[in-house]
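**Q** Below: sequence and its predicted model.
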Amino acid sequence: MDVLLTAFDLVFTPYVLLVMLGAALFGLFVGSIPGLTATMATALLIPITFFMDPVPAIAAIVTTVAMAIFAGDIPGCLLRIPGTPASAAYADEAHAMTAKGLAEKALGASLVCAVIGGLIGTLVLATTAPLLAEFAIQFSSFEYFWLACLGLSCAVMISTGSVLKGVVSLLIGLFISTIGIDITAGHPRFTFGSVEMMGGISFIPAMIGMFAVSEVLRYVASNRQKPQVSQQAIGNVFRGLGPVLARYKINLLRGGVIGTAIGILPGAGADIAAWVAYAVSKKFSREPEKFGSGHVEGLVDSGCANNAGLSGAWVPALVFGIPGDSITAIVIGVLYMKGMNPGPTVFLNQPELIYAVFVAFFLANLALLPLGFLAIRLARQVLRMPQRVLMPIILMFCLVGAFAINNTVFGISIMLVLGLLAYLMEENGFPIAPTILGIVLGTMLEDNFMSSMIKADGDLLGFFSRPIALVLGIVTLCIWFLPPIIRALRSTRGRAPQ
């Protein structure tokens, strides 16, 4: 109880509350601009957090991300252009509601469900993370290796589209993560004599390039006209939401649970959570034929799941030091910078800072209700900006964010090259999320593999020598090999003579 009171004292100070308000407005602005992602908002915020204490720095990131993820729903609803990748799952559904004159209902449902989902995810984070921390103390390099494999595997299996293309995308990311100095032998790899490349490929310029620059290139390469903003009057978005929430209360709970569970998986995150929740909603709906034509049920599940996934992604980040998504990958760097080394020991050494993070999560999600309503009222004016003006502004933000990471032009080069790579991949049907996750988790995967091989003296059975490693290894191998084995058996039975 004393730790919780100390956490409240750390958060409820005029300075921290003012920082959170500024971060909220920044997150709403970035999220509502098509092409700017919550990840990019976090990356752009990092240079500012250099000058802050741990609590306001983390509170600023938490607030920015919560606001940006919801704000991405606004252009998705009004323009059919998702502001963030997490909003892409239901942008068509929301825009179809707008076409039917239900923009108020769509935006209101997205806002309230985002708040509820965020609170569900935060509750799970606050109650399970300390328990998982006690369990995580028993983890060694063997367990971390299997955990990283499991996260990468789940990201590929859950991602939409061809599994083969998802695997190829993941391998591209893992290859990029090997560029630089070999962590075991100290030998430079794939650097082509460049001193700057010896430091490896920084994942923040990589993510900015692959998410934002690729969107700019897509706009330049196409001659599509900017969709017109809906001219409907948007007044009280909460009108008529009571019956909707009462009817779909099971969907709210299901979306929150799905979002949190997928968020906890290393490498998954809110983007995948929203897609999975939307698919599950359609699967179990009593009216599946209405999906795609402007049905609010899909918004309830996926809108709740994407904000719940944000909180869930912090569980592996805080407990294991493994990023749950691209945003927490950046956060882990901030935690190290502030002396809050993520892992089970942080719950023992600095519990008041961890509980301050939980309090900031609750406060940010509650503040989303009034501030999100304000953003909806103002967004229609901002979104009237022509794309020929908007895209250069997006590119400018990209350049600033990539340069600010290490204050070098090399970061901009990484951003541009990987932005072009992402554009070519997406144009040919290859998802970019596995590539990003491969870059983020590749170094950790290699580091723990090499450490484990040294400990086991080259014996691969050493990866199954500990109880937790054995369980994680079996689960991971089942995910890898069971689906093709089942398909092969079914194919054999189908060819068997009758």
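**A** Now that the structure is in, tell me what you want to look at.
**Q** how much space between residue 246 and residue 103?
**A** Per Cβ to Cβ, to the nearest Å, residue 246 is found 22 Å from residue 103. Placement of C-beta: from N, CA and C, glycine included.
**Q** name the helices or strands packed onto the longest helix anywhere in the chain?
**A** If you go by DSSP state H, the chain has its longest helix at helix 103-136. Contacts defined by 3 or more Cβ pairs under 8 Å, 6 or more residues apart in numbering; DSSP states H and E place helix 103-136 against helix 54-71, helix 73-79, helix 91-99, helix 241-247, helix 249-264, helix 296-319, helix 346-349, helix 351-382.
**Q** what's the most buried one of the ones you listed?
**A** Stretch with highest mean neighbour count among the helices and strands packed on helix 103-136: helix 296-319 (a mean of 31; mean count of other Cβ atoms under 10 Å).
**Q** Let me know the angle separating that helix from helix 54-71.
**A** 160 degrees (axes from the mean of the first three to the mean of the last three Cα atoms, to 10 degrees).
**Q** so who does residue 306 touch?
**A** Counting by Cβ atoms under 8 Å, 6 or more residues apart in numbering, residue 306 touches 69, 86-87, 89, 114, 117, 259, 270-271, 273-274, 277.
**Q** Tabulate these (TSV), appending pLDDT and distance to residue 171.
**A** Formatted as TSV, these follow (pLDDT from 0 to 100; distance: Cβ to Cβ, whole Å):
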residue	pLDDT	distance to residue 171
69	83	29
86	70	25
87	74	28
89	71	25
114	88	34
117	89	33
259	85	28
270	67	24
271	67	20
273	77	24
274	78	25
277	80	28
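**Q** Tell me who's in contact with residue 26.
**A** Here residue 26 is in contact with 41, 45, 64, 67 (criterion: Cβ under 8 Å, 6+ apart).
**Q** try 6 Å this time
**A** Residues in contact with residue 26 (Cβ atoms under 6 Å, 6 or more residues apart in numbering) are residue 64.
**Q** quick one: what helix or strand has it in it?
**A** Using DSSP states H and E, residue 26 sits within helix 14-32.
**Q** what element comes up after that helix heading to the C-terminus?
**A** Taking DSSP H and E, what comes next after helix 14-32 is helix 38-49.
**Q** and that following helix with helix 54-71, angle?
**A** Going by the same axes, to 10 degrees, helix 38-49 makes 150 degrees with helix 54-71.
**Q** elements contacting helix 38-49?
**A** Under the contact definition 3 or more Cβ pairs under 6 Å, 6 or more residues apart in numbering; DSSP states H and E, helix 38-49 sits against helix 54-71, helix 203-208, helix 326-337, helix 387-406.
**Q** on that earlier part again, nearest to residue 415 among the contacts of residue 306?
**A** Using Cβ to Cβ, residue 271 is the member of these that lies nearest residue 415, at 19.9 Å.
**Q** residues near residue 121, how many?
**A** Using other Cβ atoms under 10 Å, residue 121 is surrounded by 34 other residues.
**Q** Ok, the one 3 residues further on next?
**A** By the criterion of other Cβ under 10 Å, residue 124 has 21 neighbours.
**Q** Show the low-confidence segments of the stretch 51-200 of the chain, by residue range.
**A** 79-85, 88, 132-137, 151, 154-161 (pLDDT under 70).
**Q** What are the contacting residues of the helix or strand hosting residue 171?
**A** In this assignment (DSSP H and E), residue 171 forms part of helix 163-177. Identification of contacts with helix 163-177 by Cβ under 6 Å, 6+ apart yields 156, 159, 201, 429-431, 434-435, 438-439, 442-443.
**Q** Of all the helices and strands packed on helix 38-49, which one comes closest to residue 454?
**A** Closest among the helices and strands packed on helix 38-49, using Cβ to Cβ: helix 326-337, at 24.0 Å.
**Q** if we can go back for a sec, please pull up the helix or strand immediately following the helix holding residue 171.
**A** strand 180-181.
**Q** Tell me the spacing between residue 468 and residue 97.
**A** 46 Å.
**Q** What of residue 307?
**A** Taking Cβ to Cβ, one finds residue 307 at 19 Å from residue 97.
**Q** go on, residue 365?
**A** From residue 365 to residue 97 the distance is 24 Å (Cβ to Cβ).
**Q** Residue 475: which of the helices and strands packed on helix 38-49 is closest?
**A** Nearest to residue 475, of the helices and strands packed on helix 38-49 and by Cβ to Cβ, is helix 326-337 at 21.9 Å.
**Q** how about that closest one: buried residues?
**A** 326-335 (16 or more other Cβ atoms under 10 Å).
**Q** Same question for stretch 14-23.
**A** 16, 19-20, 23.
**Q** cool, stretch 39-53 as well?
**A** For stretch 39-53, by 16+ other Cβ under 10 Å, it's 39-46, 49, 52.
**Q** can I get the CA coordinates of it in CSV?
**A** What follows is stretch 39-53 as a C-alpha-only set of coordinates in CSV (Å, rounded to 0.1, in the frame of the first residue of the first chain):
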residue,chain,number,x,y,z
THR,A,39,5.4,4.2,-33.2
MET,A,40,6.6,7.3,-35.0
ALA,A,41,5.0,9.5,-32.4
THR,A,42,6.9,7.6,-29.7
ALA,A,43,10.2,7.9,-31.7
LEU,A,44,9.7,11.6,-32.2
LEU,A,45,9.1,12.0,-28.4
ILE,A,46,12.3,10.2,-27.4
PRO,A,47,14.6,13.2,-27.7
ILE,A,48,12.3,15.2,-25.4
THR,A,49,12.4,12.5,-22.8
PHE,A,50,16.2,12.8,-22.5
PHE,A,51,15.6,15.8,-20.2
MET,A,52,12.9,14.3,-18.0
ASP,A,53,12.9,12.1,-14.9
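**Q** Quick one: distance of that stretch to the chain centre.
**A** 17 Å (Cα atoms, centre = their mean, to the nearest Å).
**Q** Residue 446: what's it in contact with?
**A** Contacts of residue 446 (Cβ under 6 Å, 6+ apart): none.
**Q** Next up, the contacts around residue 237.
**A** Listed by Cβ under 6 Å, 6+ apart, the contact set of residue 237 reads 104, 107-108, 376.
**Q** Now the helix holding residue 26: average pLDDT?
**A** Confidence for helix 14-32, expressed as mean pLDDT, is 88.
**Q** roughly how far apart are residue 56 and residue 29?
**A** Per Cβ to Cβ, residue 56 is found 19 Å from residue 29.
**Q** again, but for residue 22
**A** Distance from residue 22 to residue 29, by Cβ to Cβ: 11 Å.
**Q** Then residue 51?
**A** Counting by Cβ to Cβ, the gap from residue 51 to residue 29 is 21 Å.
**Q** before we move on, what about residue 183?
**A** Counting by Cβ to Cβ - residue 183 and residue 29 are separated by 39 Å.
**Q** Including distance to residue 339, could the buried residues of stretch 14-23 go into JSON lines?
**A** Converted to JSON lines, the buried residues of stretch 14-23 look like this (distance: Cβ to Cβ, whole Å):
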{"residue": "16", "distance to residue 339": "18"}
{"residue": "19", "distance to residue 339": "19"}
{"residue": "20", "distance to residue 339": "21"}
{"residue": "23", "distance to residue 339": "21"}
